[in-house]
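S.K.: Next come a sequence and a model predicted from it.
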Amino acid sequence: MAAFSFGVMATSIAGRLLTSGLQRVGTLTFQKAMRISRIEHTLKGIPLRNPQVKSASDDFITLIGNRYGEYTEQLSKFLEELERSGLITAMVENALVDRKSEEVRKAFVLLHARVINPNEDDATSLYEKMMVSFTITFRELSKDKNTHAVLQLISRNVASRFDQVDSALQALNKQLPRVQHSSVQGMQPALLKLVRGLQAVTKQVRIETNKGARSVDISKIYIPPKLKYRDTAKNADLISNAVSVVRAKRQRLDASELVEWRVDPTSLNTIGYGDLKLSFSRVVILGDPGGGKSTICQNLCFDLAKQAAGALVAAHKPSAQLQKFPIRVVLRAFEKARTVNTQLSLFDFIIRDLMNHVSLDFEELREAVLYLLTTGAAVLAFDGLDEILATAQRREFVDLVLSFCNQYPLCPVVVTSRLVGYDSAPLTGEFEELVLERFDENEILNYLTKFFKVVGERTEAESSQYAQDFLRQTASNASDLRANPLMLGLGSVLNRDSI
């Protein structure tokens, strides 16, 4: 990319990075509350209206001009890597409470060295100017009463993470400089091969038919489900707090107009698949047997892998949080592997499993995965906690999963498990507990239409007719069963004429 005048972007880069980090801070409910409150909209314009924020942003821009001379491809790549990583989230979390983390700074310096140059003074100056810009922006935003209430609740929500993140980063920061690492640019071919392997291994889903199992493209048959917070006192309090900070009426900071908000509390209790894909920190998805837990995990990984693969080769990239590399661990497979080698670590299992799907040599793959884990550019997906049947052994695997997540604290984590029995070996309280809702009538109809079209190879019109016939035939004797995705699929198979 040719260099060009940096002044054109003088008000956008710091704001973009801050917004990107803020989109990943706090619980899913608070993310929805922030979208309702239009805090992101406010962020886009605040440097133009507020002289203190503009001054801090200008200082950040001036430093880049002095240190780097111009907006080069290398600098652009660094900012992209920073935005994709979990470091930007840690920086925003610290800025929210005006906290200084030496370990986050060191991690920033390491990333800078791998993308631009190993000059620590350049990296430290850039980091400090960014943090000043972020901190002042939050300080000025907090002068608005309602925005202040939202930010305060988020700050309390993330405060418990600071010591844990710093402790983990301290260990990683000591370990990583001892090894001579490839530059991120040099690693791009390996990352592309890795993410294409991740995409390939999650693309197909097996569907049972009366002619045997078939592999089907998951994107052609998947129906995104709705999720809701588990019915607990903790979650009721969480939702109540989120609702309380989204007022019935709220005036924008520029005082140009009065905006009315009408917030239904149930809207903050429900999490759509799009909300989940866009942003989460640590989530456990609970559901009934056959309720779609493994399928949502696989589809999430496929969607993220597809987006990340596209981001590596396309000029028009998706938002940074959709460029994450999904690393899926099927826990029953890990359990089976541990029966052969009781000392097998999760990291070694991940590498061994990926070697079956990615055309890289061992060291290339290991370095690529370690880079993604340490920077938080990976999403960790642990599927099927409930399939470890013995409670004592499940508790052991919970500890293994938690230890691994805490070792790489910048990575978002999703775990799936049956609801029944979960409380005998639960994850820690920092995991948001979401429950898969059963299919409603529209979702049943959409699934059936897709099933008959893709699996039964029927026309659109035929598929729609078969779906309507199925709904009518099962209305009186199987209306409850068909709300379960597994039972709905099995029922579809029995409709022999359609497939």
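M.R.: Right, received. Where do you want to start?
S.K.: Next up, the contacts around I116.
M.R.: Y68, Q74, L75, F78, D122, A123 (CB atoms under 8 Å, 6 or more residues apart in numbering). For glycine as for every other residue, the C-beta is placed from the backbone atoms N, C-alpha and C.
S.K.: how about JSON lines for these, with secondary structure and distance to K145 added?
M.R.: JSON lines is the format used below for the contacts of I116 (DSSP: H, G, I helix; E, B strand; the rest coil; distance: CB to CB, whole Å):
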{"residue": "Y68", "secondary structure": "helix", "distance to K145": "39"}
{"residue": "Q74", "secondary structure": "helix", "distance to K145": "43"}
{"residue": "L75", "secondary structure": "helix", "distance to K145": "38"}
{"residue": "F78", "secondary structure": "helix", "distance to K145": "37"}
{"residue": "D122", "secondary structure": "helix", "distance to K145": "40"}
{"residue": "A123", "secondary structure": "helix", "distance to K145": "37"}
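S.K.: Neighbour-wise, which one of those residues leads?
M.R.: Among the contacts of I116, the one with the most neighbours (other CB atoms under 10 Å) is A123, at 23 neighbours.
S.K.: so how far is F162 from T391?
M.R.: Distance, T391 to F162, using CB to CB, to the nearest Å: 33 Å.
S.K.: neighbour-wise, which of these two wins?
M.R.: Ranked by neighbour count (other CB under 10 Å), T391 and F162 place F162 first, with 17 against 11.
S.K.: And for that one, nearest residue in space, chain neighbours not counted?
M.R.: R99 (6.7 Å; CB to CB, 6 or more residues apart in numbering).
S.K.: Would it be right to say that that neighbour lies in a strand?
M.R.: No: counting by DSSP: H, G, I helix; E, B strand; the rest coil, R99 is not found in a strand; it is coil.
S.K.: So it is in contact with R161, correct?
M.R.: No: contact criterion CB atoms under 8 Å: R99 and R161 do not qualify, at 11.2 Å.
S.K.: which helices and strands does the helix or strand harbouring R196 pack with?
M.R.: Using DSSP states H and E, R196 sits in helix 184-203. When contacts are defined as 3 or more CB pairs under 8 Å, 6 or more residues apart in numbering; DSSP states H and E, helix 184-203 packs onto helix 73-84, helix 102-115, helix 218-221, helix 293-313, strand 325-330, helix 346-354, helix 362-375.
S.K.: How about it, which residues are buried there?
M.R.: Buried residues in helix 184-203, counting neighbours by 16 or more other CB atoms under 10 Å, are found at 184, 187, 190-191, 193-199, 201-203.
S.K.: Run the angle between that helix and helix 293-313 for me.
M.R.: If you take axes from the mean of the first three to the mean of the last three CA atoms, to 10 degrees, helix 184-203 sits at 150 degrees to helix 293-313.
S.K.: which parts of stretch 115-125 are buried?
M.R.: Buried, per 16+ other CB under 10 Å, within stretch 115-125: V115, I116, D122, A123, S125.
S.K.: And the furthest pair within those residues?
M.R.: Put simply, by CB to CB the two of the buried residues of stretch 115-125 set farthest apart are V115 and S125, 15.8 Å from each other.
S.K.: Output the buried residues of helix 184-203 as TSV; include the columns distance to L402.
M.R.: Listed next are the buried residues of helix 184-203 as TSV, based on distance: CB to CB, whole Å:
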residue	distance to L402
V184	29
M187	29
A190	29
L191	27
K193	30
L194	25
V195	26
R196	30
G197	27
L198	23
Q199	28
V201	25
T202	24
K203	30
